[in-house]
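> Got a sequence here, can you build the structure:
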Amino acid sequence: MDIITQGKDGVVLAGAEVFFNEVKVSSSDQNGVAQLSSLPADDKGFWVVKVKKAGYVTQAVKVAVQEKMPPLIVHLMPVTETKYIEDIEKAQGISSLTMDAHVILPEAALVYADGTPATGKARVELTPWDIDSDDLKAMPANGRAITADNQEVDLISAGLMAVAFYDEAGNALNLAEGKTATLQMSLPFSSIDGHDLSAGGAIPMWYFNESLGLWEETPDVKGSAVVVTRDGEKMLMVEATVPHFSSWNWDFKYESAGSTFLQCLDPASKPIACSITASVVLTDGSKLVKNSSIGAEGATVYNMPDRVKEITWEATGASAESQRLMGKVKNPLDMTGAGAALPGSISISLSAPYQYTAQCLLPDSVAVACKAKIALNGSAEIDEYSLPAEGAAIYTQQLPQQANWSAYQYISKGNGEIWKYTGEGSNVSLSENKLVMTFATPPEINQLQYSYVRCNPQAYDYNSGENVAIAQCDVTLMPQGRDQIDPVEIIPVTATIPTGVIYPISLRVEWLDMTYQYFNIQASNLDTLKNSDQCYFQSYDWMPFDDLLSHQIHDLSLNGYCGIVPMR
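This next block holds a predicted model:
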């Protein structure tokens, strides 16, 4: 059996460790292939194949035993961002530079495996998946899951995030018993496979069980879509409060009646075993990815969509001489807007690709992981790659002679600064089929700051003397008392946040360089109860400006009136 390890974007990943049922059996070679001449004994009819590589989220898939095993492609997702925390025991929010993702921790949240509380410095590896991109190719377990009633199903994701904490020595940390953390990230679609999320709504939650090679349903963990305001703009987010860290998924079960027969052909048009990835765009614009390994005789793939906007089929196989073969087909392609029907059968012709290597270097020539965009030979087609620090081989259907490129990388420093390196080059010759991308410009240095607020879900009604449940509140932050004579226009920061949740509100960079003395924080809620009473609740407070940056949680309790407001 050949196991092919590559990134979500197809870059070759050498040195990835391969495990069968938790036992290491091999590592991928310089071509990203682990060739297994013999396979472990099996007593269940399947193996759980796990693949690990430093700098990537661990992948595991459940693989059915066959008499003749076709090749298996395992896509790995690179860790998006590593951040360093000074006082992990404090209540705080941790933000990613991508997908507006946040992890919000309560006080004394993290412990070691034996329950000992974690204090002091720590690092977090934070990886949000962009469900509107090739990230879905590296969805753990290939989107297969097990429900609470022990049924295996396929999933379609509304959001996916992996979170892992470690102390300075690299020891894993997780949430203490009884503690929970809030996860949030942006939701690029208002509809997922016909599930309307534009006005909010419940989303089932699943966590990735590496030992099973499946997502596992967690009925006690509630996910939801929420509409929030960040810097004055409304955006759609997914949110959940989770009891432990791993990979978490906001997902719906995917059930469809479509099917098609797939077969791969070698350069001589003879049937060949292959691994196929289908990237699907559904009629509402949402996306899913399905992976299949099929023998030379071909196979019918079920639970496919019956009508789609587009499917891109990508296949990989190996010739008798173990040379990699690749092919790509787009079929069907909807030109009407109503969705196209899935063909009854699809053949994918494979051919031998060209290969070159690409790598990023810092200005001092130190190798570094990076995100790169590369166009070969003057083509208008631009391919995007996540490259490991050691560089990686890239397969292409055209002879690589020269390249136009741009690349960037964020590097988090221990003092909280984030350095962004960028670089670009035009008409660069690929000497010895190698593209070296050097960041020649000084880094852009940023230090993001947040204030953390939480609105009480119970507001006090002065008229009835009772508490009234509220679902969200509108929060406004504004600094005051600048110690200068010249007036400066102050633009407030506003956010609409769900109640009961610790929420990070991003601060304007220009505030941090000013000599403000204090700030005010306001919260309000305008709601209508079932008896049609109009209610208005608010909270208003002043605090020293230093408290804005202290990572303390600002708890806001609203009060006001339902019905008639008494005269004063």
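
> going forward, measure contacts and count neighbours with C-alpha atoms only.
OK.

> which residues does T229 contact?
Applying Cα atoms under 8 Å, 6 or more residues apart in numbering to T229 gives the contacts M235, T494, A495, T496, I497.

> now these: which count as buried?
Among those, those classed as buried by 16 or more other Cα atoms under 10 Å are T494, A495, T496, I497.

> how close does the residue lying closest to S293 once chain neighbours are set aside get to K328?
Using Cα to Cα, 6 or more residues apart in numbering and skipping the chain neighbours, the partner closest in space to S293 is S275 (4.3 Å). As judged by Cα to Cα, to the nearest Å, S275 and K328 stand 12 Å apart.

> Just want to know which of those two has more residues nearby.
S275 (24 against 18; other Cα atoms under 10 Å).

> tell me the pLDDT at that one?
For S275, the pLDDT comes out at 96.

> would you put the C-alpha positions of the one helix or strand it maps to in CSV?
For S275, the enclosing helix or strand under DSSP states H and E is strand 274-281. This file holds the C-alpha atoms of strand 274-281, laid out as CSV (Å, rounded to 0.1, in the frame of the first residue of the first chain):
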residue,chain,number,x,y,z
CYS,A,274,-5.8,6.0,-7.8
SER,A,275,-6.8,8.3,-5.0
ILE,A,276,-9.4,11.0,-5.9
THR,A,277,-10.3,14.2,-4.2
ALA,A,278,-13.6,15.9,-5.2
SER,A,279,-13.9,19.6,-4.4
VAL,A,280,-17.6,20.4,-4.6
VAL,A,281,-19.4,23.8,-4.8
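
> Run through the stretch 201-350 of the chain and note the low-pLDDT ranges.
Along the stretch 201-350 of the chain, the model assigns pLDDT under 70 to residues 230-232.

> quick revisit: got a markdown table for the buried ones among the contacts of T229, with distance to V153, secondary structure and pLDDT too?
Below are these laid out as a markdown table (distance: Cα to Cα, whole Å; DSSP: H, G, I helix; E, B strand; the rest coil; pLDDT from 0 to 100):
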| residue | distance to V153 | secondary structure | pLDDT |
| --- | --- | --- | --- |
| T494 | 41 | strand | 86 |
| A495 | 37 | strand | 84 |
| T496 | 35 | strand | 84 |
| I497 | 33 | strand | 83 |
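
> which one of those residues sits closest to C264?
Set against C264, the nearest of the buried ones among the contacts of T229 by Cα to Cα is I497 (50.5 Å).

> still on that earlier bit, other SSEs contacting the strand holding S275?
Contact partners of strand 274-281 among helices and strands, from 3 or more Cα pairs under 8 Å, 6 or more residues apart in numbering; DSSP states H and E: strand 72-78, strand 287-294, strand 310-318.

> Using the three-state scheme, assign D546.
Per DSSP: H, G, I helix; E, B strand; the rest coil, the secondary structure class of D546 is helix.

> what about it, how many residues close to it?
Using other Cα under 10 Å, D546 is surrounded by 11 other residues.

> where along the stretch 351-500 of the chain do the strands fall?
Applying DSSP state E, counting those that start in this stretch to the stretch 351-500 of the chain gives strands spanning 354-361, 367-368, 370-376, 383-387, 392-396, 402-412, 418-429, 434-438, 444-446, 450-455, 458-461, 466-469, 472-480, 493-498.

> In JSON lines, list the ones you listed along with distance to G317.
Output for the strands of the stretch 351-500 of the chain, formatted as JSON lines (distance: least, Cα to Cα, whole Å):
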{"stretch": "strand 354-361", "distance to G317": "15"}
{"stretch": "strand 367-368", "distance to G317": "31"}
{"stretch": "strand 370-376", "distance to G317": "24"}
{"stretch": "strand 383-387", "distance to G317": "21"}
{"stretch": "strand 392-396", "distance to G317": "13"}
{"stretch": "strand 402-412", "distance to G317": "27"}
{"stretch": "strand 418-429", "distance to G317": "30"}
{"stretch": "strand 434-438", "distance to G317": "24"}
{"stretch": "strand 444-446", "distance to G317": "43"}
{"stretch": "strand 450-455", "distance to G317": "49"}
{"stretch": "strand 458-461", "distance to G317": "60"}
{"stretch": "strand 466-469", "distance to G317": "59"}
{"stretch": "strand 472-480", "distance to G317": "53"}
{"stretch": "strand 493-498", "distance to G317": "49"}
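
> Among the ones you listed, which comes closest to S27?
Nearest to S27, of all the strands of the stretch 351-500 of the chain, is strand 392-396, at 15.7 Å by Cα to Cα.

> Next, the angle from that closest one to strand 354-361.
140 degrees (axes from the mean of the first three to the mean of the last three Cα atoms, to 10 degrees).

> Convert strand 392-396 to PDB, retaining C-alpha atoms only.
Output of strand 392-396 as PDB, limited to C-alpha atoms (Å, rounded to 0.1, in the frame of the first residue of the first chain):
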ATOM      1  CA  ALA A 392       8.700  21.300  -0.400                       C
ATOM      2  CA  ALA A 393       8.400  19.800  -3.800                       C
ATOM      3  CA  ILE A 394       5.500  21.000  -6.000                       C
ATOM      4  CA  TYR A 395       4.000  19.100  -8.900                       C
ATOM      5  CA  THR A 396       2.800  20.900 -11.900                       C
END
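
> partners of that strand in the sheet?
Paired neighbours of strand 392-396 in the sheet (DSSP bridges): strand 354-361 (antiparallel).

> Hey, what's the angle from the strand it pairs with to strand 383-387? Just curious.
Here the directions of strand 354-361 and strand 383-387 differ by 60 degrees (the same axes, to 10 degrees).

> pLDDT averaged over strand 354-361, what's the number?
What strand 354-361 shows for mean pLDDT is 96.

> cool, and stretch 392-402?
For stretch 392-402, mean pLDDT is 94.

> Distance across it, terminal residue to terminal residue?
End-to-end span of stretch 392-402 (Cα to Cα): 17 Å.

> Mind listing what's buried along stretch 138-150?
Neighbour-count burial for stretch 138-150, counted by 16+ other Cα under 10 Å, picks out A138, M139, P140, A141, N142, G143, R144, A145, I146, T147.

> Provide the contact partners of that stretch at residue level.
By Cα under 8 Å, 6+ apart, the surrounding residues in contact with stretch 138-150 are 7-8, 59-62, 74-77, 152-156, 208, 213-219, 289-291.
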